[in-house]
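Novice: sequence-free structure coming up:
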């Protein structure tokens, strides 16, 4: 359940990066608010992917240890 939620958040994050990128190009390069929004989207997406990766890694090791017992 948690993994599915994180994947959905990551996909939406990547989609919003693409949308923000094109609106960023249309609005002009020096729009500071757009730059801040772009940074926040990247931060949220990368953060979501890192959390998902850590979740998968930890659950893998927990499963290995559980089966070893």
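Specialist: Cool, got the structure. Note that the structure is predicted; figures quoted are calculated from it, not measured. Residues are numbered from 1 along each chain as shown.

Novice: So what's the residue count around residue 59?
Specialist: 12 (other CB atoms under 10 Å). (Glycine included, C-beta is placed from N, CA and C.)

Novice: Helix or strand: which one has it?
Specialist: helix 32-68 (DSSP states H and E).

Novice: average pLDDT for that helix?
Specialist: Helix 32-68 shows a mean pLDDT of 82.

Novice: Check which helices and strands it sits against.
Specialist: helix 2-27 (3 or more CB pairs under 8 Å, 6 or more residues apart in numbering; DSSP states H and E).

Novice: Mind checking the pLDDT average for the helix it packs on?
Specialist: Helix 2-27 comes out at a mean pLDDT of 65.

Novice: For stretch 44-57, buried residues please.
Specialist: Neighbour-count burial for stretch 44-57, counted by 16 or more other CB atoms under 10 Å, picks out 44, 45, 48, 49, 52.

Novice: repeat for stretch 56-69
Specialist: Under 16+ other CB under 10 Å, stretch 56-69 has no buried positions.

Novice: picking up where we left off before, out of the buried residues of stretch 44-57, which is nearest to residue 68?
Specialist: Residue 68 lies nearest to residue 52 out of those, by CB to CB, at 24.8 Å.

Novice: what's the distance between that closest one and residue 33?
Specialist: 29 Å (CB to CB, to the nearest Å).

Novice: got the buried residues of stretch 44-57 as CSV, with distance to residue 61 columns?
Specialist: Below are these laid out as CSV (distance: CB to CB, whole Å):
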residue, distance to residue 61
44, 26
45, 25
48, 21
49, 19
52, 15
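
Novice: which of those residues sit farthest apart?
Specialist: 44 and 52 (12.4 Å).

Novice: need the contact list for residue 69.
Specialist: Not one residue lies near residue 69 by CB atoms under 8 Å, 6 or more residues apart in numbering.

Novice: rewinding a little: show me which of the buried residues of stretch 44-57 is closest to residue 66.
Specialist: residue 52 (20.8 Å).
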